[in-house]
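# Mind folding the following:
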Amino acid sequence: MSTIYGPVLSWRLGRSLGIDVVPPPKTCTFDCVYCQLGRTLRKVSGPVEGQVRREELLRDMRRTLDLLDPRSIDYVTFSGSGEPTLNLKLGDMIEDLRNLVDKPVAVLTNSSLVDNEVVRRSLAKADLVVAKLDAPNQSLLEDINRPAKGILHKNIVDGLVKVRGEVHGELALQIMFIESNASHAVNANCEAVEGLIRLVQEIEPDEVQINTPTRPPSEKDVFPLKPNRMEEITRRFRASVEHTRIVSRYEEKEKVSPKWLGYNKVEEEILGLIQRRPCRLGDIAMSLNLPRNVVETHLMELKKRGKVTVVKYGEEDYFKT
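Prediction:
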C-alpha cells in the first residue's frame, strides 16, 4: 500500500517538497504504549478545527503526483501523525482525491470516533478502511491505547459493527499484540486473544491484520511477540473466524514502494520518512526504492551533521530525527 498523504497533519509532505512548514504536535485520541511516533502531545476527545484544509490537500497532492509514476500507486491513504477522523472534512477530501486521481482510497483509523455518525459517513466513502482494535475490554483499552476521556470500548465495538454495514468497500481490523514488563498492559494471553476473536466474529470484517511492534515504541517496557507466539495466535484466529482473511505480519512478503521520479533530494526524502516513524536502513531503502549503500551514505552524513540519531530496539538499529 502506498501511503502518500494524511489529512490531519500535512508537514511531512510539505517537508519533502521543500515547503516551509512547521510540524505541529501529534494530535490523537489515543496515546498508545507501542506508538512508533512517541507520546501524544495533544490528546483530544473529539474532532478538532484548524487542521489541513481541502485546498491545501489538493495543491500538495497535485505536486506529489507530478513526482510519481501513477502505476506505482496502490492506494491513496489517509493516515498522518495522528487520527485522520479528527478532521470532519475527511469525507469531502476523499471525494476530492477520487476526482483527482483514479486510484482507490484507504483510511487508517484507530476506531476511537466510529460511534460518530459524521465520521462513519466519511469512512463509508473509502474503498478500504483499516481500523485498530487492540483490546477486548475497557480495562485493556485504557492500559494499551490510553484513550482520551470519554472514549469507551463498547462505543468503539458498536461503531465498528455499524461501519461494517455502511462501508461499501472493505473493512480490515488491525490488532497490535504486545508483551510488556507492566504485566497488566498485554493482550497476547489466552483470555485476551479469545476476547478479541469474539469481537471479530461480531464485527465480521473482510480481513484481520495480526501485528506486533517492529519499531521502537513510545514506552520502553513494551516488546514484540516472538514469532512462534504470533504463529499460535494466527492459527487460533484462522480456526475460529470464518469468511475473513487472516494476515500475519511475519507472513507478509516485502513489496517495493513507489519510485520517486525526477526527484534527487534524497536527504530531504529520507528525513521526511523518518520524521513520521523510526526506520531501519533496509526500510528506508525499500520505501524510496534506492540501493542500500546510497541510503547508508546519506544517513551517515545526516548523522554527522546532527540531523539523525540511531536508537537500538532488539538487535536492530533504527534511524530517527
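# May I see the buried residues of stretch 97-110?
Of the residues in stretch 97-110, those buried by neighbour count under the rule 16 or more other C-beta atoms under 10 Å are Leu97, Arg98, Val101, Lys103, Pro104, Val105, Ala106, Val107, Leu108, Thr109, Asn110. Yep, even glycine has a C-beta here, placed from its N, CA and C like the rest.
# For those, give me TSV that also has secondary structure and pLDDT.
Listed next are the buried residues of stretch 97-110 as TSV, based on DSSP: H, G, I helix; E, B strand; the rest coil; pLDDT from 0 to 100:
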residue	secondary structure	pLDDT
Leu97	helix	89
Arg98	helix	87
Val101	coil	86
Lys103	coil	86
Pro104	coil	91
Val105	strand	92
Ala106	strand	93
Val107	strand	94
Leu108	strand	94
Thr109	strand	96
Asn110	coil	96
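# which of these lies closest to Ile233?
Using C-beta to C-beta, the shortest approach to Ile233 within these belongs to Asn110, at 20.6 Å.
# quick one: contacts for that closest one?
Listed by C-beta atoms under 8 Å, 6 or more residues apart in numbering, the contact partners of Asn110 are Cys28, Thr29, Phe30, Cys32, Glu83, Ala131, Lys132, Asn145.
# And it, how far from Asn145?
Summarising the geometry, the distance separating Asn110 from Asn145, computed by C-beta to C-beta, to the nearest Å, is 7 Å.
# Just the pLDDT for Met286.
At Met286 the predicted local confidence, pLDDT, stands at 72.
# Also Glu252?
At Glu252, the predicted lDDT confidence score is 51.
# Phi and psi next, for Leu173.
Backbone torsions for Leu173, taken as degrees, to the nearest 10, come to phi -100, psi 130.
# now swap in Gln174 and tell me
With angles defined as degrees, to the nearest 10, Gln174 sits at phi -110, psi 120.
# Skip the chain neighbours and tell me the closest residue to it.
Sequence neighbours aside, Gln209 is the residue nearest to Gln174 in space, at 4.5 Å (criterion: C-beta to C-beta, 6 or more residues apart in numbering).
# helix or strand for the one you found, which one?
In this assignment (DSSP states H and E), Gln209 forms part of strand 207-211.
# Parallel or antiparallel, which strands does that strand pair with?
strand 170-176 (parallel), strand 245-248 (parallel) (DSSP bridges).
# Dump those to a markdown table, plus mean pLDDT and mean neighbour count.
As requested, the strands paired with strand 207-211 are arranged in a markdown table below (pLDDT from 0 to 100; neighbours: other C-beta atoms under 10 Å):
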| stretch | mean pLDDT | mean neighbour count |
| --- | --- | --- |
| strand 170-176 | 96 | 21 |
| strand 245-248 | 92 | 17 |
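# Let me know which of the ones you listed is the nearest to Leu273.
Of all the strands paired with strand 207-211, it is strand 170-176 that lies closest to Leu273, at 20.8 Å by C-beta to C-beta.
# Now do that closest one and strand 105-109, the angle between them.
With axes from the mean of the first three to the mean of the last three C-alpha atoms, to 10 degrees as the criterion, the two stretches strand 170-176 and strand 105-109 enclose an angle of 30 degrees.
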